[in-house]
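# quick one: sequence plus predicted model below, questions after.
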There are 2 protein chains.
Amino acid sequence: MSKIKLGIVGYGNLGKGAVEAIKQTDDLELVAVFTRRDPEDLTIDDPTVKKVHISNASDYKNEIDVMLLCGGSATDLPEQTPYFASMFNTVDSFDTHAKIPEFYESVNEAATKNNKTAIISVGWDPGLFSINRLMADAILPSGENYTFWGKGLSQGHSDAVRRVNGVKNGVQYTIPSESAIEKVRSGENPTLETAEKHNRVCYIVAEEGADKAAIEQEIKTMPNYFADYNTEVNFISEEELKRDHSKAPHGGFVIRGGNTGSGHKQIYEFSLKLDSNPEFTASVLVAYARAAYRLNNENQFGAKTVFDVAPGYISPRSAEELRRDFL
Amino acid sequence: MSKIKLGIVGYGNLGKGAVEAIKQTDDLELVAVFTRRDPEDLTIDDPTVKKVHISNASDYKNEIDVMLLCGGSATDLPEQTPYFASMFNTVDSFDTHAKIPEFYESVNEAATKNNKTAIISVGWDPGLFSINRLMADAILPSGENYTFWGKGLSQGHSDAVRRVNGVKNGVQYTIPSESAIEKVRSGENPTLETAEKHNRVCYIVAEEGADKAAIEQEIKTMPNYFADYNTEVNFISEEELKRDHSKAPHGGFVIRGGNTGSGHKQIYEFSLKLDSNPEFTASVLVAYARAAYRLNNENQFGAKTVFDVAPGYISPRSAEELRRDFL
């Protein structure tokens, strides 16, 4: 059986995760990585993978079945996805929730016009979490959805603590509140502000001689970022920071408490606990590359989301095998 | 907007749950309940719902968009699904895992021949659990799936304890082993026999003067049912049994621990905690009725499973609303 041929655009953490994820499959093959940098500067440990400047991507129209777009949502994808979706089937992880409708429209136009299939906003949120929010809502209409994020390293909040006077280095974790989760799991459908759902824990390396009490005070009262939250500030050494806090863990929970019939409580829960956020997100993109390829073969053109993809399309296994062993 | 018109075949716990689930929707309408009993004996609190003998179902071919088949898997569905799928779009909850391939074939033939769409084996296992087994496997190929059931009342095991000498009444719960779940959640992918994954807890009403030690001994050593398991036997009064053990709770967990890249652990988990197993299963059937109707409108005929249904098809919400509010 011939393999589905993939390309990767962008070689940051997500792109590197995609290279690793493709290696774990038998039905997918990485043809080339496209970059804005000098291609020769990329280090890819498989010599059969081509390193190509992004400006030459159109030369690969006939050699690549699906392009995995591994750029960022802020500036890369709004330009790159419509551009690549006019030449390739694509999968991306566009995650600016508020801008998804306009992003969808621009990608849909480019892909439809050129008979390509572009699956947008793939990953875990948006992505797997979205699927579970939808399904829980459809199955238990009388109920409430809750999404919790973490334990996860937050880049924006880590940047904020590092700007505080006297802070040499530091990281911030967003941690779902156990008591809030327990309330939701009990099925009582509580009203919860974001600040009640999450706590914030900081690990700070202070500068020599800095006033730690003042640092703690400034962090805990920082508007928007920390003031409304239950915030914990821990001081550690530079060595401890490097040793214990250099990974990018993340995860979270989607929980719906619903009622059926004569008031029976039904609790639906989906959760992820990820040692590496970019490697997991990349693994989801890679699985959905199968779907982009198959949908395109069925002439299902245009922009799609995870809501439009039947589960069987992301599996390397045959429909018969899935019915026999996974149903 | 006109509603999707539904019928229900079979008026046991599942059929009754379906009546309740349809009431919670705005886009679905129950036209009739079909029964093998005397239709006049059915108590349905909505007078607009027709009560019809099952032998007259064919008269409703043009009045019903989707038929929910709420019979049992042992004898009802192997006959009823192919029969009804030759006249109606159908959704059923066939759950004899080992017989799904042959069941699929017979339903597929009947439905395809008559341009109908029949979604089989819908519910939570098979059903939602199956989707999660498939997706976790596709996304994290280097890993292991684990399914735990419970806490749940097991009908077969409850029957078994009630046959023990000196037992007046009793129930048995299957309970997932907390220590096994913790091992799986740690990502170590342990080898676990079914007996290590689940404990069994019995609540027994003994007959007056019965030898409780002998009852406990007989239960704990019963081959197949209990001998291999960690089994707990509690003696209670008839009143306590009635008060505390008359519901049909169930649920369980699908967990996959996978590795990506340079050995990062990624834990994927889906779980349900259900006060009423039949009402939840019925709610899943009702949501998938939308999918049967929509797939049929797209000329996607034949037998389908949850693997063939894109999530958006089970939601009453528009694609625009889903992208804006749920993605």
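That came through fine.
# ok, the residue most central in space within chain A - contacts?
With distances taken as Cα atoms, centre = their mean, the residue of chain A nearest its centroid is A:G123 (4.1 Å). Taking Cβ atoms under 8 Å, 6 or more residues apart in numbering or on different chains, we find A:G123 in contact with A:S93, A:D95, A:T281, A:V284, A:L285. C-beta: built from backbone N, CA, C; applies to glycine.
# filter those by proximity to chain B?
A:V284 (Cβ under 8 Å from any Cβ of the partner chain).
# lowest-pLDDT helix or strand in chain A?
helix A:194-197 (a mean of 87; mean pLDDT, DSSP states H and E).
# identify all contacting residues around stretch A:258-270.
Applying Cβ under 8 Å, 6+ apart, the external contacts of stretch A:258-270 come out as A:128-129, A:132, A:135-136, A:139-144, A:185, A:187, A:253-257, B:16-17, B:20-21, B:24, B:132, B:247, B:251, B:269-276, B:279-280, B:282-283.
# how long is it end to end?
Chord length of stretch A:258-270, first to last residue, is 14 Å (Cα to Cα, to the nearest Å).
# beyond whichever helix in chain A runs longest, next helix or strand please.
Ordering each helix of chain A by length in residues (DSSP state H) puts helix A:277-297 first. Using DSSP states H and E, the helix or strand that directly follows helix A:277-297 along the chain is strand A:302-304.
# the helix or strand following that following strand packs against which elements?
Moving toward the C-terminus from strand A:302-304, the next helix or strand (DSSP H and E) is helix A:319-325. Under the contact definition 3 or more Cβ pairs under 8 Å, 6 or more residues apart in numbering or on different chains; DSSP states H and E, helix A:319-325 sits against helix B:100-113.
# torsion angles phi and psi at A:T35?
phi -140, psi 160 (degrees, to the nearest 10).
# quick check, nearest of the contacts of A:G123 to A:D159?
A:D95 (17.9 Å; Cβ to Cβ).
# the residue nearest to that closest one when sequence neighbours are not counted is in what secondary structure piece?
Leaving out its chain neighbours, the residue that sits closest to A:D95 by Cβ to Cβ, 6 or more residues apart in numbering or on different chains is A:S73, at 5.1 Å. Assignment of secondary structure by DSSP H and E places A:S73 within no helix or strand.
# and A:S130, by the same measure?
Assigned by DSSP H and E, A:S130 falls in helix A:128-139.
# that helix vs helix B:128-139, what angle?
Relative orientation of helix A:128-139 and helix B:128-139, computed by axes from the mean of the first three to the mean of the last three Cα atoms, to 10 degrees: 170 degrees.
# what's the average pLDDT for helix A:128-139?
When pLDDT is averaged over helix A:128-139, the result is 98.
# residues near A:P78, how many?
By other Cβ atoms under 10 Å in any protein chain shown, the residues close to A:P78 number 18.
# which parts of whichever strand or helix holds it are buried?
Assigned by DSSP H and E, A:P78 belongs to helix A:76-85. Neighbour-count burial for helix A:76-85 flags A:D76, A:L77, A:P78, A:Q80, A:T81, A:P82, A:Y83, A:F84, A:A85 (criterion: 16 or more other Cβ atoms under 10 Å in any protein chain shown).
# got the residues of the stretch 1-150 of chain A near chain B?
For the stretch 1-150 of chain A, the residues in contact with chain B (Cβ under 8 Å from any Cβ) are A:16-17, A:20-21, A:24-25, A:97, A:100-101, A:104, A:121, A:126, A:128, A:130-135, A:137-142.
# switch to 6 Å and redo it
Residues of the stretch 1-150 of chain A lying near chain B by Cβ under 6 Å from any Cβ of the partner chain: A:20, A:24, A:100-101, A:104, A:121, A:126, A:130-131, A:133-135, A:138-139, A:141-142.
# which one (most neighbours) among the contacts of A:G123?
Result: A:L285 is most packed of the contacts of A:G123 (other Cβ under 10 Å), 30 neighbours.
# hang on, it packs against A:T90?
No: using Cβ atoms under 6 Å, A:L285 is not in contact with A:T90, being 10.0 Å away.
# can you give me the buried ones in stretch A:99-111?
Buried residues in stretch A:99-111, counted by 16+ other Cβ under 10 Å: A:I100, A:F103, A:Y104, A:S106, A:V107, A:N108, A:A110, A:A111.
# what about it, average pLDDT?
The average pLDDT for stretch A:99-111 rounds to 97.
# what lies in contact with it?
Residues from elsewhere that reach stretch A:99-111 (Cβ atoms under 6 Å, 6 or more residues apart in numbering or on different chains): A:81-82, A:85-86, A:94, A:118, A:120-121, A:302-303, B:323-324, B:327.
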